[in-house]
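Participant: Fold the following and give me the result.
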Amino acid sequence: MHWIGVYAIFCMIFSGWEIYDASPSLPFLFPQWATLGGWLAGAIAWHLAAMWLLFLDGIAYLAYGIMSGHFRRDLAPPALSAFGADLGRALRFRLPHRLGYYNAVQRLLYLGVILTILLAVATGLSIWKPVQLYWLSGLFGGYPVARGIHLALMGMIAIFVVIHVVLVAIYPRTLLSMVSGTASETGS
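Facilitator: Numbers count the residues shown, from 1 in each chain. Down below sits the predicted model:
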């Protein structure tokens, strides 16, 4: 599910950049080489296809996380003191890493990105169907505000992905477990 989600999120980010470029709300455009879809209708088609892929992957991930106990066991919100201690160790590059174990910083970041994706889905729906889902658009302050929130959430997801990739580069043994689906130090 991890790699399906990665693929879907990348498709959504790059097609979202093409959609944004068709009607920018900030004084910049994304470079054409970094967009997906080629034009507005193509980008919307990619965005919606990736949305459904991410939705199905997310439902499977949530079902697995609940039924397997993964959320309760590995992603329970950390105590504030544990988060502070682990954050201090992380900032001094002294935070130990064990495959299959989530420290307090990781738990908070993973919970945060899950909530960010859920909020991005809600804002995305509110700007996709602002008339039919007027009540949802209204919760976010209307279409223009919901669009800005959606763009900011995309930025947060992109930052999470960059941090994720940098951490894998710092501790490359995690890549083997991500590819193979194992959580052991040996990758078996």
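Participant: going forward, measure contacts and count neighbours with C-alpha atoms only.
Facilitator: Noted.
Participant: If we ignore the residues flanking it in sequence, what's nearest the residue nearest the centre of the chain?
Facilitator: Among the residues of the chain, the one closest to the centroid is residue 157, at 4.3 Å (C-alpha atoms, centre = their mean). Distance criterion C-alpha to C-alpha, 6 or more residues apart in numbering; nearest residue to residue 157, sequence neighbours excluded, is residue 113 at 6.7 Å.
Participant: Give me the contact list for whichever strand or helix holds the one you found.
Facilitator: Following DSSP states H and E, one finds residue 113 within helix 104-128. The set of residues external to helix 104-128 that reach it, using C-alpha atoms under 8 Å, 6 or more residues apart in numbering, is 74-79, 82-83, 86-87, 133-134, 136-137, 140, 143, 146-147, 149-150, 153-154, 156-157, 160.
Participant: how about 7 Å then?
Facilitator: 75-78, 82-83, 86-87, 133, 136-137, 143, 146-147, 150, 153, 157 (C-alpha atoms under 7 Å, 6 or more residues apart in numbering).
Participant: which of those are buried?
Facilitator: By neighbour count, with 16 or more other C-alpha atoms under 10 Å, the contacts of helix 104-128 hold 75, 77, 83, 86-87, 136-137, 143, 146-147, 150, 153, 157 as buried.
Participant: Which two of those residues have the greatest separation?
Facilitator: Maximum pairwise distance among these (C-alpha to C-alpha): 39.3 Å, between 86 and 143.
Participant: care to break the protein down by domain?
Facilitator: Under the assignment automatic domain parsing, the domains of the chain span 1-74, 93-182.
Participant: Mean pLDDT for those domains - can I get that in CSV?
Facilitator: As requested, the domains of the chain are arranged in CSV below (pLDDT from 0 to 100):
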stretch, mean pLDDT
domain 1-74, 92
domain 93-182, 86
